[in-house]
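In: what's the 3D shape of this:
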Amino acid sequence: MSAPSGSLIENVKASVSLQGFLEGFGAKFSRVGGGLRSDACPCCGEGKKGSNKVGLLAGGQKWRCFSCGKGGDVIDAAAFLWGIPHRDAIRRLAKEQWVSDTMPMIRNSKAKTEDEAKKAQQHALNEALKRLQKAVAGLVPDDEAIAYLTKERCLPGRFVAQAQAQGMLGFLPNNPLRARMFLEDRVGKDLMIQAGLWNPEKKMPAIAYRPLVFFMPGMDSAEFRLARKAGEGERKAIRYGSASRPWYWPGEDGSKLAAVEGAIDLLSMAALGFKGDIIGLPGATVWRPEWFTGASKVYTCLDPDKAGKTATSRILAACARLGIEAIDRSPMEGDVNDILRARSRERSTERHAA
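Out: You can find the predicted model right below:
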């Protein structure tokens, strides 16, 4: 017997409702933490009531059991439940569900389009970040994380405390295992998976290893950073979401605005004594002309790499079109935080010399 054709396989996946198929075998789904969960697994069977061990992912097209680790699509589920090879499960599904080899592929009405899926993920991320911001507001930061910011990065403690009070900065437990447990308890694993904050194939979310959390205005994006120097090939920061606004630090003189890269440089600029407003771009290439409106003078203080220089030229041109005076004050080397650290070392040397 020949193997099922590729078009038949795709038509079965597209046309047979995974949730409906599992419910036909007695599974009962309920919404938990923003996702659909069930106590019954096609592979390892039914668990304890309230275990919610099986979750529907990818817009209802995939399932995963967080007890036995199995998962897949409706064909995988059918093969497990019927105890037959996948090729036979495909043919049986096609016969019972009236799916033909030649019919045009019609996506299950429950499945989201790519655009809808992105919107759903962004909505889940917004909710997850709101929960996380509320949770970390009452969490006492570990000494290691504070030491990294105040000693390694030379940020004055009062600026760190002010960033916390504004809801810009939060701290996860510095221990990854404790961080994972905290996130599961206070945010919810299902919601984190939906939001893209947790890869369901991994036992630990990447953010559990990055205890510094910088929330962006609008709660549509956040950056998770290491509280130490990054190792070779290790990413020091991971940002999730699509930032609609930059990080913002209000100053005494609202007519002046400084544009820097990232939240660390934003706090560094404030610590260096800049009296105007400060915005931290999520990246050199992530900015909009309207972010500079309202200021009479703009200072660009981006990194002196290729991306920073290109962005600086474009921002200066954009400000000129808006009738805003713009001046490039980017460091000759390093970044704004490097300047702060150099000055801190100089003051420390002077104190010791005195």
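In: and residue 273, how many neighbours?
Out: 7 (other CB atoms under 10 Å). (Glycine included, C-beta is placed from N, CA and C.)
In: Please report the distance of it from residue 153.
Out: 17 Å (CB to CB, to the nearest Å).
In: same check, this time on residue 48
Out: From residue 48 to residue 153 the distance is 47 Å (CB to CB).
In: Kindly report the same for residue 37.
Out: 41 Å.
In: so the closest residue to residue 249 other than its chain neighbours, which of the three states?
Out: Spatially, and ignoring its direct neighbours in sequence, residue 249 is nearest to residue 278 (4.2 Å; CB to CB, 6 or more residues apart in numbering). Assigned with DSSP: H, G, I helix; E, B strand; the rest coil, residue 278 falls in the strand class.
In: how many other residues sit next to residue 278?
Out: Residues near residue 278, counting by other CB under 10 Å: 26.
In: list the contacts for it?
Out: Residue 278 makes contact with 248, 249, 251, 257, 258, 259, 260, 266, 269, 270 under the criterion CB atoms under 8 Å, 6 or more residues apart in numbering.
In: Could you do residue 237 as well?
Out: Counted by CB under 8 Å, 6+ apart, residue 237 has contacts 210, 223, 224, 225, 226.
In: Could you give the number of residues near the third one?
Out: The number of residues packed around residue 224, counting by other CB under 10 Å, is 24.
In: begin at 5 from here
Out: New numbering, starting at 5: the last item is residue 228.
In: Test my guess that it contacts residue 211.
Out: Yes - assessed by CB atoms under 8 Å, residue 228 is found in contact with residue 211 at 4.3 Å.
In: which neighbours do those two share?
Out: Counting by CB under 8 Å, 6+ apart, the residues touching both residue 228 and residue 211 are 176, 217, 242.
In: By pLDDT, give me the weakest of these.
Out: Of all the shared contacts of residue 228 and residue 211, residue 242 carries the smallest pLDDT score, 93.
In: Could I get the pLDDT score of the closest residue to residue 208 other than its chain neighbours?
Out: Ranked by CB to CB, 6+ apart and with sequence neighbours excluded, the top spatial neighbour of residue 208 is residue 184, at 5.5 Å. Looking at residue 184, its pLDDT reads 96.
In: Residue 184: what secondary structure?
Out: Criterion first, three-state DSSP; result for residue 184: helix.
In: got the buried residues for stretch 19-36?
Out: Under the neighbour-count criterion of 16 or more other CB atoms under 10 Å, stretch 19-36 has 19, 20, 21, 22, 23, 25, 26, 31, 33, 36 buried.
In: try stretch 190-206
Out: Applying 16+ other CB under 10 Å to stretch 190-206 flags 191-202, 204 as buried.
In: Stretch 168-188 too?
Out: For stretch 168-188, a neighbour-count test (16+ other CB under 10 Å) marks 168, 172-178, 180, 183-184, 186-188 as buried.
In: For it, measure first residue to last.
Out: Chord length of stretch 168-188, first to last residue, is 22 Å (CA to CA, to the nearest Å).
In: Can you name the residues in contact with it?
Out: By CB under 8 Å, 6+ apart, stretch 168-188 touches 136-137, 139-141, 143, 145-146, 148-149, 164, 167, 193, 196, 201-202, 208-209, 211-219, 228, 231, 251, 267.
In: Show me which of those residues are buried.
Out: Here, 16+ other CB under 10 Å leaves 136-137, 139-140, 145-146, 149, 164, 167, 193, 196, 201-202, 209, 211-219, 228, 231, 251, 267 buried among the contacts of stretch 168-188.
In: Which of the residues you listed fall within helices?
Out: Under the assignment DSSP state H, the buried ones among the contacts of stretch 168-188 contribute 136, 137, 139, 140, 149, 164, 167, 193, 196, 267 to helices.
In: who are the neighbours in contact with the first one?
Out: Going by CB under 8 Å, 6+ apart, residue 136 touches 174, 187, 190, 191, 217, 226.
In: Just say helix, strand or coil for the second one.
Out: Assigned state for residue 187: helix (three-state reduction, three-state DSSP).
In: Need phi/psi at the residue most central in space within the chain.
Out: The centre of the chain sits closest to residue 244, judged by CA atoms, centre = their mean, with a distance of 2.5 Å. The phi/psi pair for residue 244 (degrees, to the nearest 10) reads phi -120, psi 140.
In: Endpoint to endpoint, stretch 301-320 covers what distance?
Out: Stretch 301-320: ends 11 Å apart by CA to CA.
In: Buried residues of that stretch, list them for me.
Out: Here stretch 301-320 shows 302, 303, 304, 305, 306, 307, 312, 315, 316, 319, 320 as buried, counting by 16+ other CB under 10 Å.
In: so which two of the residues you listed are the farthest from each other?
Out: Using CB to CB, the buried residues of stretch 301-320 reach their maximum pairwise distance at 302 and 307, which is 16.9 Å.
In: outside of stretch 85-104, which residues touch it?
Out: Here stretch 85-104 has contacts from 5, 7-8, 12-13, 15-16, 19-20, 25, 29, 46, 78-80, 82-83, 105, using CB under 8 Å, 6+ apart.
In: Emit the ChimeraX select command for whichever of these are buried.
Out: Here is the ChimeraX command that selects the buried residues among the contacts of stretch 85-104 (16+ other CB under 10 Å):
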select :8,12,13,15,16,19,20,25,46,78,79,80,82,83
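In: Remind me what the helix or strand where residue 13 lies packs against, helices and strands.
Out: Per DSSP states H and E: residue 13 is located in helix 10-19. In terms of contacts (3 or more CB pairs under 8 Å, 6 or more residues apart in numbering; DSSP states H and E), helix 10-19 is packed against helix 78-86, helix 90-100.
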